[in-house]
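[1] what follows is a predicted structure for the sequence shown.
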Amino acid sequence: MPLKAAILGAGAIGAGWAARFLLAGWDVAVHDPAPGAEARLTATLEAARRSLPMLSEVALPPEGSLVMAPLAKAVEGADWVQESAPERLDLKHEIWAEALKNAPQNAVCASSTSGFTPTALNGGKGRIIVAHPFNPVYLLPLVELVGQNTAKAAATLHRIGMYPLEIASEIDGHIADRLLESVWREALWLVKDGVATTEQIDEAIRMGFGPRWAQMGLFETYRLAGGDGGFAQFLAQFGPALKWPWSHLTDVPDLDDALVQKIATQSDAQSGHLTTAELTTQRDNNLVALLRALKQQGSAAGKVLNTHDKSLTPPPPPPGPEPLVTLRRTIPVDWTDYNGHMNESRYGQLWSDAGDTILVAIGMGPDSPGSQGASWFTVDNHIKYLAEVHAGAACEVRTTILMAEGKKLRMHHEMYVGETLSASCTQLLLHIDMETRRSAPPAPEVAEKLSKYAKAHSRQQ
């Protein structure tokens, strides 16, 4: 039976939570009495359905069900209750008073608040924790967890592909928003004082320290800047500058009409030609590409994604007369070219990943004990491109073992998008002794397993 999440509030954050749970296979009930809530939720789900599957090398679970419901009905039977109402403490208290009366006692009860502490939310007592995510919730993995007994929440977040950061101490604004507010405050002063425009500030971030922070954070970046002397050397060199009056620190500019208009005008000039939907697509495409680059390196958020992929990867199919389903996945945006369709070089990745499923089945996968000292090298591919495939397309690869004789393995892969055969590949691999880097017969147990697949498939040829 699917787990159930109750989402209270369907703004950008609440709708993002709904998408994250729904695409993880949970049933989701959403409560939001505000006008236009359902339309906003629908738009977010459309964006999430397009972009989130692109992060994974395997298929996501089937979606759960989605309903809009009154608050009491929404939380009924919920395993997780997530409140994402506006940052008004009185409103949050009102919502939680009703939610706690109707939610199961064992449900995780969490708030998306960016600033309030669990003590403030609970009025000094209660079981509400902070689970503060980042927008878009359906792509970015970080969730700041604050409060008592967050272990259950952390385990659940891991299972849906997120990164729970458990914070031991309560503090207004938690960790990330306090850092962001410092940068935000200084940026407002730079605009107010006429030092920089909104576009110049954004360029300084995305062309400079933004990409560094995405993969190393703040302290590792500065440690590297210290060279072999590490952080001690960095502080010795740059520490004295902290006493210089470079920033406004806690000073806040007056957000009067003139400053608001100045910022709005500059922001409109910067990106006002794009609709909200266009900006969302641009942001999501860029995030998918950046996160996938980190994934390839197994670093930062990419490490989280790789771990989640492993949890979603099904076991290899057993031998049988029908072609084996060796891969299900969604085509990511970074696999497409200037023509808008899947680039031919990426088909090689597809066939390789499908072939790896067979290798895992015979004990020769990347992490298999049988792969020590030996591997399989592709020596020949014959590919047919039969139909265009675009980013966001869900595909399935079906594989037939044509030959398994000695050190030779020949497979035929067919890629389907829906019922359309979109590409095929006949692939020849040789078994390689990794010490000599020359072809050699596989171990007897590997050959035996491979023979079972080949014999099963010989009946259909």
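    Yep, that arrived.
[2] mind jotting down where the strands sit in the chain?
    Secondary structure of the chain, counting by DSSP state E: strands at 4-8, 27-31, 66-68, 80-83, 108-111, 129-133, 142-146, 163-167, 324-330, 374-385, 394-405, 408-417, 420-433, 438-439.
[3] for T357, which of those strands is the nearest?
    Across the strands of the chain, T357 has its closest neighbour in strand 324-330 (3.9 Å, Cβ to Cβ). For every residue, glycine as well, the C-beta is placed using N, CA and C.
[4] relative to strand 408-417, how tilted is that closest one?
    50 degrees (axes from the mean of the first three to the mean of the last three Cα atoms, to 10 degrees).
[5] any buried residues in strand 324-330, and which?
    Buried residues in strand 324-330, counted by 16 or more other Cβ atoms under 10 Å: L324, T326, L327, R328, R329, T330.
[6] hey, what's the third one bridged with?
    Beta-bridge partners of L327, counted by DSSP bridges, are V397.
[7] show me what contacts it?
    By Cβ atoms under 8 Å, 6 or more residues apart in numbering, the contact list for L327 reads V58, L350, D353, A354, T357, C395, E396, V397.
[8] re earlier: okay, the strands of the chain in a markdown table with mean pLDDT next?
    Listed next are the strands of the chain as a markdown table, based on pLDDT from 0 to 100:
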| stretch | mean pLDDT |
| --- | --- |
| strand 4-8 | 98 |
| strand 27-31 | 98 |
| strand 66-68 | 98 |
| strand 80-83 | 98 |
| strand 108-111 | 98 |
| strand 129-133 | 98 |
| strand 142-146 | 98 |
| strand 163-167 | 97 |
| strand 324-330 | 97 |
| strand 374-385 | 96 |
| strand 394-405 | 97 |
| strand 408-417 | 98 |
| strand 420-433 | 97 |
| strand 438-439 | 96 |
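[9] figure out which of those is closest to N339.
    Here strand 374-385 is closest among the strands of the chain (Cβ to Cβ), at 11.9 Å.
[10] output stretch 236-251 as CSV, nothing but the C-alphas.
    Extracted C-alpha coordinates of stretch 236-251, given in CSV (Å, rounded to 0.1, in the frame of the first residue of the first chain):
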residue,chain,number,x,y,z
ALA,A,236,46.9,34.0,7.8
GLN,A,237,46.7,35.6,4.4
PHE,A,238,43.1,36.8,4.2
GLY,A,239,41.9,36.8,7.8
PRO,A,240,43.1,40.4,8.6
ALA,A,241,40.8,41.6,5.7
LEU,A,242,37.8,40.6,7.8
LYS,A,243,38.3,43.7,10.0
TRP,A,244,38.2,46.0,7.0
PRO,A,245,34.8,47.7,6.4
TRP,A,246,34.0,45.9,3.1
SER,A,247,30.4,45.0,3.8
HIS,A,248,27.4,46.4,5.7
LEU,A,249,27.2,43.3,7.9
THR,A,250,23.9,43.7,9.8
ASP,A,251,22.9,47.0,8.3
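[11] list the buried residues for it?
    Across stretch 236-251, burial judged by 16+ other Cβ under 10 Å covers H248.
[12] check stretch 162-170 too.
    Residues of stretch 162-170 classed as buried by neighbour count (16+ other Cβ under 10 Å): M162, Y163, P164, L165, I167.
[13] quick one on the thing from earlier: could you dump the buried residues of strand 324-330 into TSV with distance to D251 added?
    Shown next, in TSV, are these (distance: Cβ to Cβ, whole Å):
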residue	distance to D251
L324	65
T326	60
L327	56
R328	54
R329	50
T330	47
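[14] just the residues you listed now: which is nearest A69?
    T330 (29.5 Å).
[15] the residue nearest to G77 when sequence neighbours are not counted: neighbour count?
    Counting by Cβ to Cβ, 6 or more residues apart in numbering, G77 lies nearest to K4, which is 5.8 Å off, once chain neighbours are set aside. Number of residues near K4 (other Cβ atoms under 10 Å) recorded here: 22.
[16] pretty sure K4 contacts W26?
    Yes. Using Cβ atoms under 8 Å, K4 is in contact with W26, at 6.5 Å.
[17] need the contact list for I383.
    Neighbour list for I383: E344, Y347, W351, A423, S424, C425 [criterion: Cβ under 8 Å, 6+ apart].
[18] and the spatially closest residue to V67 that is not a sequence neighbour, bridged to which residues?
    Spatially, and ignoring its direct neighbours in sequence, V67 is nearest to A29 (5.2 Å; Cβ to Cβ, 6+ apart). With DSSP bridges applied, A29 shows beta-bridge pairing to A6, V67.
[19] so what's A29 up against?
    A29 is in contact with K4, A5, A6, I7, L66, V67, M68, A69, K73, A74, V75, A78, counting by Cβ under 8 Å, 6+ apart.
[20] ok, which of the strands of the chain comes nearest E448?
    Comparing the strands of the chain against E448 with Cβ to Cβ, the closest turns out to be strand 394-405 (10.1 Å).
[21] so can I have TSV of the buried residues of stretch 162-170 showing distance to A187?
    Shown next, in TSV, are the buried residues of stretch 162-170 (distance: Cβ to Cβ, whole Å):
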residue	distance to A187
M162	28
Y163	26
P164	29
L165	24
I167	25
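[22] pLDDT weak spots in the stretch 251-400 of the chain?
    Within the stretch 251-400 of the chain, the stretches with pLDDT under 70 are 369-371.
[23] try it again at 90.
    Applying pLDDT under 90 to the stretch 251-400 of the chain flags the ranges 251-252, 365-373.
[24] for it, what spans make up the helices?
    Per DSSP state H, counting those that start in this stretch, the stretch 251-400 of the chain carries helices over the ranges 257-271, 276-297, 301-312, 344-361.
[25] winner for burial among these?
    With neighbours taken as mean count of other Cβ atoms under 10 Å, the helices of the stretch 251-400 of the chain reach their highest mean count in helix 344-361, at a mean of 18.
[26] what's the neighbour count on I201?
    Close neighbours of I201, defined as other Cβ under 10 Å, add up to 20.
[27] isn't it up against L190?
    Yes. Applying Cβ under 8 Å as the test, I201 and L190 come out as touching, 6.2 Å apart.
[28] quick one, what contacts the nearest residue to D284 once chain neighbours are set aside?
    Spatial nearest neighbour of D284, chain neighbours left out: S51 (4.2 Å); criterion: Cβ to Cβ, 6+ apart. Contacts for S51 (Cβ under 8 Å, 6+ apart) come out as Y138, L139, D284, N285, L287, V288, V333, G392.
[29] and for L421?
    For L421, the contact set (Cβ under 8 Å, 6+ apart) comprises L386, A387, E414, M415.
[30] out of those, which end up buried?
    Buried members of the contacts of L421, scored by 16+ other Cβ under 10 Å, are E414, M415.
[31] if we can go back for a sec, looking at the buried residues of strand 324-330, which one is closest to A277?
    T330 (20.2 Å).
[32] thinking again about what came up before, which two in the contacts of L327 are spaced the farthest apart?
    Greatest spacing in the contacts of L327, by Cβ to Cβ: T357 and C395 (14.0 Å).
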